[in-house]
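>>> A predicted structure for the sequence below; I have some questions about it.
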Amino acid sequence: MPPFALLHNPVRRYAWGSPTALPALTGTEPDGTPQAELWMGAHPSAPSSVSGPDGPRPLDELIAADPDALLGPDTVRRFGPRLPFLFKVLAADRALSLQVHPTRAQAEAGYAAEEARGVPSDAPERVFKDRGHKPELLCALGEFEALCGFRPTADAAGLLELLDLPLLAPWAAALRARPSAEVLPALLRSTLAADRPASAELASVARALTHAAATGGRYAEACAAYARIAGQYPGDPGLIAALLLNHVRLTAGQALYLGAGVPHAYLRGLGVELMANSDSVLRCGLTPKHIDVDGLLAVTSFRPGAPDLLAPHPIDGGPTGTAGGDYSEQEFPSPAEEFRLSRLRPGATAARIDLPTPQILLCVSGRARLRAPDGAELTLPAGASAYLRPGAGPVGLTGPGAELFRATTGRPHTAR
């Protein structure tokens, strides 16, 4: 494989996806169906492919055939013979399911338990599809709405009191009087288990949210988002869980990091998402899929508080690149070892990109050009991406007016 190769990426079509956002990014014609995610990487369920002399080959097969060459010996030593991250463009027109990701230890224990019980890997009730954890980072490409983490206790109680419903009043009082670590698990269990609210009760919540959104005030914007959720998932008890979470609005270039135990849902917008290469998810509503209430409560962090929005930090060179000319790069800080995300703005003067680790470059606007040491070139228009093989650089990058995102492995944690 040359130092870089154009990726051919699968599009995942889920009901919550946008019919137009991904086609607009990639310059393709919409076909009228929802296009939810563009996957870039080597996940076995939907790997990217690379063109070769014998036709396209899936990236996971290429890596499996020669992991040291495609990943680099250091990445293989740290993560095994697989690309440790999965890169996506996510395009949501409606809310995704409320979900929580386990820690690595919880994922390993859950996977082993389901294997021991003989739960088939494709069974609807299967929760732990692999042994990995799934930290993730999302950076908005425009306005983006999400739910993230439990509201501060008094804030959650105030919202429930505003809605003024018999279903919610006892929980508001409990949040005022008792520790959130007691009340929140009990509320989720009551909401999601067999004694969950009736459809008529959930319809009354939806009406109250619509009224609160129209009335204005402190919670109006959040109530408008919750009312949309209620319209998208009528009768879904996950609506009550959603009320407990912070409503977040990102602007282009702002990001969220989601670690283990943090309940969250993306509501609408276009963004780039980078995560560990795992599918460990426990759902807690806004979905027809299986909900394991006991498993969900076991992995959820019930610590309330405002979410931290990430702003990128300027970097100059560093372990994955050396700046030159009018090139600039900003990194989104995260504690994840599996991945690192940065935003690049190349200029007319070639910047040298060193390749100590495997990388994926995604162009989101303009047009960028890569140049290998042997003179080979690759042009990346908006929506296109390339895989950069470690040890084959340095590679030149130009592209005045272009904007790219770079996904690569994170830095090893050091003992303190």
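That came through fine.
>>> all contacts plus neighbour counts: C-alpha atoms, from now on.
Noted.
>>> okay, and the helix or strand of this protein with the least pLDDT?
Least confident helix or strand of the chain, by mean pLDDT, DSSP states H and E, is strand 313-315 with a mean of 84.
>>> just how off-centre is the helix or strand that that one is followed by within its chain?
Using DSSP states H and E, the helix or strand that directly follows strand 313-315 along the chain is strand 328-332. Put simply, strand 328-332 sits 19 Å off its chain's centre (CA atoms, centre = their mean, to the nearest Å).
>>> for stretch 98-108, same thing?
Using CA atoms, centre = their mean, the offset of stretch 98-108 from its chain centre is 14 Å.
>>> distance between the ends of that stretch?
Stretch 98-108 stretches 22 Å from its first residue to its last (CA to CA, to the nearest Å).
>>> list the helices and strands the least confident helix or strand of the chain packs on?
Strand 313-315 is packed against strand 328-332, with contacts defined by 3 or more CA pairs under 8 Å, 6 or more residues apart in numbering; DSSP states H and E.
>>> other SSEs contacting whichever helix or strand comes after the strand it packs on?
Later in the chain than strand 328-332, the nearest helix or strand by DSSP H and E is strand 340-345. Here strand 340-345 touches strand 328-332, strand 403-408, going by 3+ CA pairs under 8 Å, 6+ apart.
>>> low-confidence ranges in the chain?
Where the chain drops to pLDDT under 70, the residues are 194, 316-325, 413-416.
>>> quick check: domain ranges of it?
The chain breaks down by automatic domain parsing into domains covering 144-310, 313-408.
>>> how about those domains in CSV, adding distance to Arg57 and mean neighbour count?
Converted to CSV, those look like this (distance: least, CA to CA, whole Å; neighbours: other CA atoms under 10 Å):
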stretch, distance to Arg57, mean neighbour count
domain 144-310, 19, 19
domain 313-408, 13, 20
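>>> quick one: which of those is nearest Gly27?
Nearest of the domains of the chain to Gly27, taken as CA to CA: domain 313-408 at 7.4 Å.
>>> distance between the closest one and the chain's centre?
21 Å.
>>> kindly report the same for stretch 80-89.
Offset of stretch 80-89 from its chain centre (CA atoms, centre = their mean): 13 Å.
>>> could you point out which element follows the longest strand along the chain?
If you go by DSSP state E, the chain has its longest strand at strand 264-276. The helix or strand immediately downstream of strand 264-276 is strand 282-285, counting by DSSP H and E.
>>> how about stretch 87-105: buried residues?
For stretch 87-105, burial by neighbour count (16 or more other CA atoms under 10 Å) applies to 87-104.
>>> one more: stretch 104-120?
If you call a residue buried by 16+ other CA under 10 Å, then stretch 104-120 has these buried ones: Arg104, Gln106, Ala107, Glu108, Gly110, Tyr111, Glu114, Val119.
>>> just to revisit the earlier point, elements contacting the longest strand of the chain?
Identification of packing neighbours for strand 264-276 by 3+ CA pairs under 8 Å, 6+ apart yields strand 85-92, strand 98-100, strand 136-140, strand 144-150.
>>> note down every partner strand of the third one and its orientation.
When you say that, I think you mean strand 136-140. Using DSSP bridges, the strands paired with strand 136-140 are strand 255-258 (antiparallel), strand 264-276 (antiparallel).
>>> Thr357 and Leu71 touch, don't they?
Yes - at 6.7 Å, Thr357 and Leu71 qualify as touching, with contact defined as CA atoms under 8 Å.
>>> now the common contact residues for those two.
Arg389, Pro390 (CA atoms under 8 Å, 6 or more residues apart in numbering).
>>> show me where the stretch 1-150 of the chain has helices.
Under the criterion DSSP state H, counting those that start in this stretch, the stretch 1-150 of the chain contains helices at 21-26, 59-65, 67-71, 73-79, 104-117.
>>> these into TSV, with extra columns for distance to Val395?
Output for these, formatted as TSV (distance: least, CA to CA, whole Å):
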stretch	distance to Val395
helix 21-26	24
helix 59-65	20
helix 67-71	16
helix 73-79	20
helix 104-117	35
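>>> for Pro2, find the nearest of those.
When the helices of the stretch 1-150 of the chain are compared (using CA to CA), the closest one is helix 67-71, at 10.1 Å.
>>> return the distance of that closest one from the chain's centre.
For helix 67-71, the distance to the chain centre is 26 Å (CA atoms, centre = their mean).
>>> show me what that helix is packed against.
helix 59-65, helix 73-79.
>>> in the sheet, who's paired with Arg12?
Arg12 forms beta bridges with Glu37, as assigned by DSSP bridges.
>>> Met275 versus that one, what's the distance?
Arg12 sits at a distance of 16 Å from Met275 (criterion: CA to CA).
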